[in-house]
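Visitor: what's the 3D shape of this:
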Amino acid sequence: MNNYDKNLAKIDAKTTLVGLLATPIGHSVSPQMHNVGYTISGLNYAYLAFEVGPEKLKETVEGMKTMGVAGFNVSMPNKIDVIQYLDELDDTAKFSRASNTVVNKNGKLVGYNTDGLGYVKNLEEHGVELNGKKVTLVGSGGAATPIAIQLVQSGIKEISIFARNDKFFSKAEENAAYINNEMKHFGVKANVFPLEDKEAFRKEIAESAILANATSLGMKPLDELSIVDDTEDVLRKDLVVTDVVYNPRKTKLLKQAEAAGAKAINGLGMVLWQGALAYKLFTGEDMPIAEVKESVFGTEI
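Guide: Numbers count the residues shown, from 1 in each chain. Okay, here's the model as predicted:
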C-alpha cells in the first residue's frame with residue numbers, strides 16, 4: 001500500500017476544486033499526481049479531468065470561473081485557444097502565447113505557462129547541458145512554443161524549428177520571428193523549416209545536440225508514427241532525443257533513438273515538473289515532489 005492510501009483525502013463541502021481541460025484526456029496522469037500531492041500534504045483540494053475540446057472551451061472556462069474553482073490546467077488542443085478567454089496573462093503565457101495553467105484570483109482568470117520550465121527542468125534532471133548548444137525542435141503548437149521560448153532563456157545558441165507546411169508552419173514562422181526580434185538580447189538564432197524538407201531536417205539534426213519532439217505524433221492513437229520515420233538514420237550516439245509524449249512511456253521515436261545509441265528522454269519528467277509549478281500556483285504550497293514521483297511514476301522517470 002502506498003503511503004497516500006493510508007489516509008485518503010475526503011471530499012466535503014469545503015473542498016476546493018481544480019481541473020484539467022483537454023481531449024483526449026484518458027491518458028492523463030495529472031489528476032493522480034495532484035490528488036496524491038494534496039493527500040500527502042493534507043490539503044482539502046480535489047483535481048478532476050474534463051473532456052473538453054475547442055468547440056466547448058469558451059463555455060467551460062466561463063463555467064469554471066462561475067463555480068469559483070481555484071484554477072485549472074489546459075492541455076492539447078486548448079493551450080493557445082484558451083488565451084482569448086482569460087482576463088490576464090503572466091509573462092510566461094504572454095511570451096509563449098499559450099497557457100497550460102489558469103489561476104482564479106478573486107474572480108479574475110490569470111494564465112500562466114509552466115510547460116517550458118518543466119521541460120528544461122526535466123533535461124537538467126537527466127544531466128543534459130544546454131549552454132551553447134543547438135536544438136532542433138519539431139512543433140509549433142501549445143507545447144512547442146513555450147519550450148522554444150524557455151530554451152532561448154536557458155543558454156542555447158541556436159534553435160531550428162520544423163513544422164508541417166500548413167497552419168502550423170505559419171505559427172513556426174511567428175515563433176522564430178519572435179525569438180529573433182523580441183528576444184534578440186539573448187543572442188539566440190532561430191531558424192524555421194517545413195517538416196517536409198528532409199534535406200534540411202537531416203542537416204539541422206546533424207548540427208544539433210538535442211532533437212525535441214513537441215508534437216502529439218507518437219501519442220495514442222498515433223503511437224505507430226515517429227517524426228523520423230523517413231529519416232531514421234539522422235539519429236546518432238551523441239544526440240539527446242526528447243519527447244513531450246508520455247503515453248506510451250516509450251514512443252516509437254524513443255525506441256528508434258535507443259536503437260541508435262542516443263540518449264532518450266520521455267515526457268514524464270516534464271509532466272512532473274510543470275505539474276509541480278502549477279500545484280504551487282493553485283495552492284500556494286510546494287508539491288511533495290519526491291513522494292509524488294515515487295507513488296505515481298516509480299522508476300519510469
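Visitor: ok, Tyr112 - contacts?
Guide: By Cβ atoms under 8 Å, 6 or more residues apart in numbering, Tyr112 lies in contact with 90, 92-93, 99-103, 278, 281. For every residue, glycine as well, the C-beta is placed using N, CA and C.
Visitor: out of the residues you listed, which are inside strands?
Guide: Counting by DSSP state E, the part of the contacts of Tyr112 found in strands is 101-103.
Visitor: reformat the residues you listed as CSV; add neighbour count and distance to Lys220.
Guide: Formatted as CSV, these follow (neighbours: other Cβ atoms under 10 Å; distance: Cβ to Cβ, whole Å):
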residue, neighbour count, distance to Lys220
Thr101, 26, 24
Val102, 31, 26
Val103, 20, 30
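Visitor: for the residues you listed, which one is nearest Val234?
Guide: Nearest to Val234 among the ones in strands among the contacts of Tyr112 is Thr101, at 33.9 Å by Cβ to Cβ.
Visitor: OK, contacts around the residue sitting nearest the centre point of the chain?
Guide: Nearest to the geometric centre of the chain sits Asp115, at 4.0 Å (Cα atoms, centre = their mean). When contacts are counted by Cβ under 8 Å, 6+ apart, Asp115 touches 79, 96, 98, 100, 142-143, 146-147, 150, 270, 274.
Visitor: go again using 6 Å as the cut-off
Guide: 100, 143, 146, 274 (Cβ atoms under 6 Å, 6 or more residues apart in numbering).
Visitor: where is pLDDT lowest across those residues?
Guide: Least confident of the contacts of Asp115 in the model: Ala143, at 90.
Visitor: can you get me a residue count around that one?
Guide: When neighbours are counted by other Cβ atoms under 10 Å, Ala143 registers 29.
Visitor: that one touches Thr215, doesn't it?
Guide: No: under the criterion of Cβ atoms under 6 Å, Ala143 is not in contact with Thr215, lying 7.8 Å apart.
Visitor: tell me where this structure has helices.
Guide: Here the chain has its helices, by DSSP state H, at 30-41, 54-67, 91-96, 115-125, 144-152, 167-181, 198-206, 252-259, 268-283, 289-292.
Visitor: can you list the weak-confidence ranges in this structure?
Guide: Along the chain, segments meeting pLDDT under 70 span 1-9, 299-301.
Visitor: can you list the domains in it?
Guide: 3-113+272-297, 116-266 (automatic domain parsing).
Visitor: if we can go back for a sec, okay, the helices of the chain in TSV with distance to Val245 next?
Guide: Formatted as TSV, these follow (distance: least, Cβ to Cβ, whole Å):
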stretch	distance to Val245
helix 30-41	15
helix 54-67	20
helix 91-96	19
helix 115-125	12
helix 144-152	12
helix 167-181	17
helix 198-206	19
helix 252-259	8
helix 268-283	10
helix 289-292	20
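Visitor: which one of those helices lies nearest to Gly19?
Guide: Here helix 54-67 is closest among the helices of the chain (Cβ to Cβ), at 6.4 Å.
Visitor: show me which positions of that closest one end up buried.
Guide: Buried residues in helix 54-67, counted by 16 or more other Cβ atoms under 10 Å: 57, 60-61, 64-65.
Visitor: closest one to Ala46 out of these, please.
Guide: Closest to Ala46, out of all of the buried residues of helix 54-67 and judged by Cβ to Cβ, is Met64, at 13.7 Å.
Visitor: separation between the nearest residue to that closest one once chain neighbours are set aside and Asp91?
Guide: Leaving aside its sequence neighbours, Met64 sits nearest to Phe72 (Cβ to Cβ, 6 or more residues apart in numbering; 5.6 Å). Per Cβ to Cβ, to the nearest Å, Phe72 is found 20 Å from Asp91.
Visitor: likewise Lys14?
Guide: Per Cβ to Cβ, Lys14 is found 33 Å from Asp91.
Visitor: Phe95 touches Ile149, doesn't it?
Guide: Yes: with contacts counted by Cβ under 6 Å, Phe95 reaches Ile149, the gap being 5.2 Å.
Visitor: more neighbours: those two, which one.
Guide: Higher neighbour count among Phe95 and Ile149: Ile149, with 26 against 21, using other Cβ under 10 Å.
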